[in-house]
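> Below is the structure, and that's it, no one-letter string:
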């Protein structure tokens with residue numbers, strides 16, 4: 001019997017090649033794209049899940065009640081971790097960690113590696129196993145380091161015979177020798193922590209000067225709780241500890257008018273599960289865990305599958321018009337509902353089986369282009385897990401049962417007389433119309449998202465950031481020489497080049513450079529009896545001139561004033577915070593009153609941080625005791641390529657062993673919204689595929705409607721109806737459905753997109769034109785899709801449609 005079902009199903013599928021091919025193409029493309037999207041989403045959701053202790057290891061963060069509201073941060077002072085372990089019950093391990101760069105010298109080779117400064121117990125919390133060397137304690141002493149497989153390849157060219165070798169590391173301004181004690185497996189691609197080399201925390205340049213200071217925060221702290229201890233118990237256990245060690249800052253918060261939290265506390269420690277680190281934002285002051293990106297990808301995969309299943313249902317119903325007499329004959333000859341159901345369902349099962357196999361093949365073929373286009377390191381291994389495979393199989397079975405089973409059930413329930421007469425009575429077509437409305441509501445939602453996402457990206461790309469980003473090159477100072485010396489040598493090398501206009505330096509980059517590093521420095525001090533917090537930036541001469549910053553009061557740092565090392569330049573937001581009518585009169589005592597700084601200038605606010613953030617208070621220092629980490633070179637708008645090459649050549653002359661990682665600031669800014677560009681690409685691709693699949697289904701339904709109303713069309717033509725009036729009559733019902741979809745989708749699209757835009761301090765206006773454009777585009781596509789079929793039907797000779805009557 002099964003063999004007979006399969007044989008008849010195969011014959012029917014071959015007989016209706018167009019419908020079969022359309023179904024297979026639609027299902028194959030949808031399943032392939034859904035597979036890749038699910039792979040990407042599961043990869044994102046798998047971040048940090050590989051750690052064996054992930055359920056008991058947490059990142060510590062501190063919430064602060066300030067006059068500005070709630071603020072939270074993960075940066076902590078050096079004495080915190082040891083004090084937590086000693087003074088707070090329920091903590092098994094407490095370790096410090098800090099991501100930084102390290103300049104490694106081996107023989108004549110100099111190379112910058114991504115470094116992680118950690119306490120030795122770090123490897124008791126996190127799963128980064130050693131494959132060669134000291135696996136029990138990779139950081140057995142202060143002068144030992146562990147290196148990853150990639151790090152070993154970069155430095156030594158191999159991982160063989162590396163353990164026991166000595167390398168030199170430049171830490172701050174000093175160079176120290178270290179011994180390789182272990183080679184670690186490369187951090188997995190789904191790790192929030194990525195490194196080439198791991199160095200004992202006590203070797204960090206900032207450690208010695210801050211070993212006992214509670215007012216200098218510069219690293220992360222992770223704890224592992226004892227079995228049975230909960231994060232809530234940790235928060236309770238650290239309340240007295242917090243009051244003891246932060247008494248001074250708590251008193252200052254009270255003095256400045258901060259309001260205590262619900263527990264009456266001004267500072268409170270909290271724990272963040274390490275698996276949530278990648279998805280956590282502190283923008284609102286509290287820790288907010290949002291897995292928006294992976295869930296959005298899963299949502300798009302789901303709606304693509306829904307659209308193609310709705311198409312499958314509609315196309316099968318459309319095809320059934322041709323098989324009504326076959327069904328009537330089968331029933332006349334004794335076929336029962338169950339036999340008819342299995343016959344039609346078998347056809348659906350065959351189509352789904354073939355499409356699933358082809359979808360897996362196509363997904364594998366598209367894997368590399370997909371990874372390149374969407375900038376992901378996901379692999380099919382993330383969906384090739386037993387539980388995922390079982391879930392995938394069950395999903396396909398359920399989809400087949402629903403999408404193939406409904407038309408089969410509908411056909412098997414037809415009355416014999418109706419079937420023999422060739423009449424398919426679907427009532428008011430509520431299901432069909434509902435599916436069309438849902439399909440186009442989804443399409444309008446995706447098109448609206450595409451338009452707004454691209455609008456936001458263009459807004460960020462074209463926004464005036466307050467500095468010159470088109471003509472300025474930023475260069476990471478990753479060589480051995482003193483940073484101020486390198487900047488000065490760059491000036492000397494390039495001063496004869498008429499296309500080089502200015503050279504300067506700073507301790508922070510604008511945007512995200514090719515080195516991939518981002519950092520920020522903040523400081524607080526008392527001014528006239530109240531606390532003031534500011535971002536701090538160390539700069540060299542000509543910084544404002546190089547970046548074309550607008551000076552709104554006073555002047556910038558100048559070589560003509562020797563006292564400028566004790567001077568400050570602030571931005572407008574900082575001036576407002578200080579609250580003086582004349583900001584140039586401000587004198588700020590620091591270092592417990594030992595040093596007084598004078599404000600000599602105010603620059604117009606510029607976006608020195610991510611564009612999604614409001615411009616915060618900023619103070620510029622010029623102190624040769626604080627290192628620079630980036631050089632800035634401003635070039636003329638003419639001959640940009642040759643000017644860039646000249647800068648690269650000058651760098652090679654100054655730091656021949658160090659890699660040149662210079663990039664234009666506009667490229668740096670573009671890198672800061674890579675996630676938005678990836679989202680836009682995914683949503684755009686989903687929109688295009690969704691629209692195409694919806695059109696296939698709509699075309700099938702238009703064929704069904706035309707088939708059902710063929711004789712009506714003939715009668716109307718005979719009594720004088722024009723082709724356009726008949727075509728409009730057949731098309732308007734579908735356009736009504738698109739209109740209903742627009743009414744449903746627009747409020748939803750506005751709500752979700754408005755919520756998303758709130759993540760940006762500066763964003764595009766949510767104009768009604770975005771939604772009107774989406775609706776008009778969907779209507780136009782629907783009109784073209786249906787119109788091609790209805791015009792053809794309306795143009796047919798009415799004699800052909802009436803001669804059977």
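Everything's here; your move. All of these numbers come straight from a predicted model, not from anything done at the bench. Numbering: from 1, shown residues only.
> tell me the SS of the residue most central in space within the chain?
By CA atoms, centre = their mean, the chain has its centre lying nearest to residue 675, at 3.7 Å. Put simply, residue 675 is helix when judged by DSSP: H, G, I helix; E, B strand; the rest coil.
> From what I see, residue 526 and residue 252 are in contact.
Yes - between residue 526 and residue 252 a contact is recorded at 7.4 Å, counting by CB atoms under 8 Å. For glycine as for every other residue, the C-beta is placed from the backbone atoms N, C-alpha and C.
> between those two, which one's more packed in?
Ranked by neighbour count (other CB atoms under 10 Å), residue 526 and residue 252 place residue 252 first, with 19 against 16.
> That one sits in which helix or strand?
Element membership for residue 252, per DSSP states H and E: helix 247-255.
> just residue 770 next, same as before
helix 768-794.
> buried stuff in the helix holding residue 252?
Buried residues in helix 247-255, counting neighbours by 16 or more other CB atoms under 10 Å, are found at 249, 250, 252, 253.
> Widest-spaced pair of those residues?
250 and 252 (7.3 Å; CB to CB).
> care to break this protein down by domain?
Under the assignment automatic domain parsing, the domains of the chain span 57-289, 429-460+675-805, 479-660.
> Now render the ones you listed as TSV, adding distance to residue 399 and mean pLDDT.
TSV is the format used below for the domains of the chain (distance: least, CB to CB, whole Å; pLDDT from 0 to 100):
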stretch	distance to residue 399	mean pLDDT
domain 57-289	28	92
domain 429-460+675-805	14	81
domain 479-660	38	90
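> Switch the ones you listed over to TSV; also include distance to residue 387.
Listed next are those as TSV, based on distance: least, CB to CB, whole Å:
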stretch	distance to residue 387
domain 57-289	17
domain 429-460+675-805	25
domain 479-660	34
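> Could you measure from residue 283 over to residue 621?
27 Å (CB to CB, to the nearest Å).
> the more surrounded of these two?
residue 621 (21 against 15).
> Look up how far residue 612 lies from the more buried one.
26 Å.
> secondary structure element for residue 525?
Here residue 525 is assigned to strand 522-527, by DSSP H and E.
> So which elements touch that strand?
In terms of contacts (3 or more CB pairs under 8 Å, 6 or more residues apart in numbering; DSSP states H and E), strand 522-527 is packed against strand 530-538, strand 587-590.
> Mind listing what's buried along the first one?
Along strand 530-538, the positions that meet the burial threshold by neighbour count (16+ other CB under 10 Å) are 531, 532, 533, 534, 535, 536, 537, 538.
> distance of the residue lying closest to residue 635 once chain neighbours are set aside from residue 514?
In this structure, residue 635 finds its nearest non-sequential neighbour in residue 643, 4.1 Å apart by CB to CB, 6 or more residues apart in numbering. Residue 643 sits 18 Å away from residue 514, going by CB to CB.
> between those two, which one's more packed in?
Shown here are residue 643 and residue 514; by other CB under 10 Å, residue 643 has more neighbours (23 against 17).
> Report the distance from the helix or strand where the more buried one lies to the chain centre.
Per DSSP H and E: residue 643 is located in helix 640-654. Centroid displacement of helix 640-654 relative to its chain, using CA atoms, centre = their mean, to the nearest Å, is 34 Å.
> Ok, stretch 200-208 next?
A distance of 32 Å separates the centroid of the chain from that of stretch 200-208, by CA atoms, centre = their mean.
> Also stretch 547-555?
Distance, centroid of stretch 547-555 to centroid of chain: 35 Å (CA atoms, centre = their mean).
> in it, what's buried?
Across stretch 547-555, burial judged by 16+ other CB under 10 Å covers 547, 548, 549, 553, 554, 555.
> Nearest residue to the residue nearest to the centre of the chain in space, please, no chain neighbours.
Closest residue in space to residue 675, ignoring its immediate chain neighbours: residue 293 at 6.9 Å, by CB to CB, 6+ apart.
> Sort out which residues of the helix or strand in which that neighbour is found are buried, please.
Assigned by DSSP H and E, residue 293 belongs to helix 292-320. Residues of helix 292-320 classed as buried: 293-294, 296-298, 300-301, 303-320 (neighbour count, 16+ other CB under 10 Å).
> any idea how far residue 611 lies from residue 571?
Distance from residue 611 to residue 571, by CB to CB: 16 Å.
> Check residue 550 too.
For residue 550 relative to residue 571 (CB to CB), the value is 10 Å.
> on that earlier part again, wait, the residue nearest to residue 675 touches residue 45, no?
No - using CB under 8 Å, residue 293 makes no contact with residue 45, being 9.7 Å away.
> still on that earlier bit, so which of the domains of the chain is nearest residue 353?
Closest among the domains of the chain, once you apply CB to CB, is domain 429-460+675-805, at 19.5 Å.
> Residue 470 is in contact with residue 637, correct?
Yes - shown here, residue 637 and residue 470 form a contact pair, counting by CB under 8 Å, at 7.5 Å.
> quick revisit: could I get the buried residues of strand 530-538 in TSV, plus columns for distance to residue 196?
Listed next are the buried residues of strand 530-538 as TSV, based on distance: CB to CB, whole Å:
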residue	distance to residue 196
531	39
532	39
533	34
534	33
535	29
536	29
537	28
538	26
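> tell me the two of these that are most distant?
531 and 538 (22.0 Å).
> what's the burial count for the nearest residue to residue 618 once chain neighbours are set aside?
Among residues not flanking residue 618 along the chain, residue 571 sits closest, at 4.3 Å (CB to CB, 6+ apart). The burial count assigned to residue 571 is 26, neighbours taken as other CB under 10 Å.
> got a list of what residue 571 touches?
Counting by CB atoms under 8 Å, 6 or more residues apart in numbering, residue 571 touches 602, 603, 604, 605, 606, 615, 617, 618.
> Just list whatever residues bridge to it.
Here residue 571 sits in beta bridges with residue 603, as judged by DSSP bridges.
> what's the spacing between it and residue 38?
Residue 571 is 46 Å from residue 38, by CB to CB.
> May I have the phi/psi pair for residue 618?
Main-chain dihedrals, residue 618, degrees, to the nearest 10: phi -140, psi 140.
> wait, it sits on residue 539?
No - in this structure, residue 618 is not within contact of residue 539 by CB under 8 Å, at 10.7 Å.
> Look at those two and report which has more neighbours.
Per other CB under 10 Å, whichever of residue 618 and residue 539 has more neighbours is residue 539, with 24 against 20.
> how far away is the more buried one from residue 669?
19 Å.
> try residue 388
From residue 388 over to residue 669 (counting by CB to CB), the distance is 38 Å.
> between those two, which one's more packed in?
residue 669 (21 against 14).
> Correct me if wrong: the more buried one contacts residue 510.
Yes - here residue 669 reaches residue 510: they are 7.4 Å apart, a contact under CB under 8 Å.
> Overlap of the contact sets of these two?
Common neighbours of residue 669 and residue 510 (CB under 8 Å, 6+ apart) are residue 469.
> could you pull out the helices for the stretch 451-600 of the chain?
Assignment of helices within the stretch 451-600 of the chain using DSSP state H, counting those that start in this stretch yields the ranges 483-494, 543-547, 572-578.
> So which of the ones you listed is nearest residue 268?
helix 572-578 (25.1 Å).
> Which positions in the closest one come out as buried?
Buried residues in helix 572-578 (16+ other CB under 10 Å): 572, 574, 575, 577, 578.
> Name the strands paired with the helix or strand containing residue 97 and say parallel or antiparallel.
For residue 97, the host element (DSSP H and E) is strand 91-106. If you go by DSSP bridges, strand 91-106 pairs up with strand 109-118 (antiparallel), strand 166-171 (antiparallel), strand 217-225 (antiparallel).
> Output these in a markdown table; the columns should cover distance to residue 588.
Formatted as a markdown table, these follow (distance: least, CB to CB, whole Å):
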| stretch | distance to residue 588 |
| --- | --- |
| strand 109-118 | 31 |
| strand 166-171 | 31 |
| strand 217-225 | 20 |
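> nearest to residue 792, of those strands?
Closest of those to residue 792 is strand 109-118, at 62.8 Å (criterion: CB to CB).
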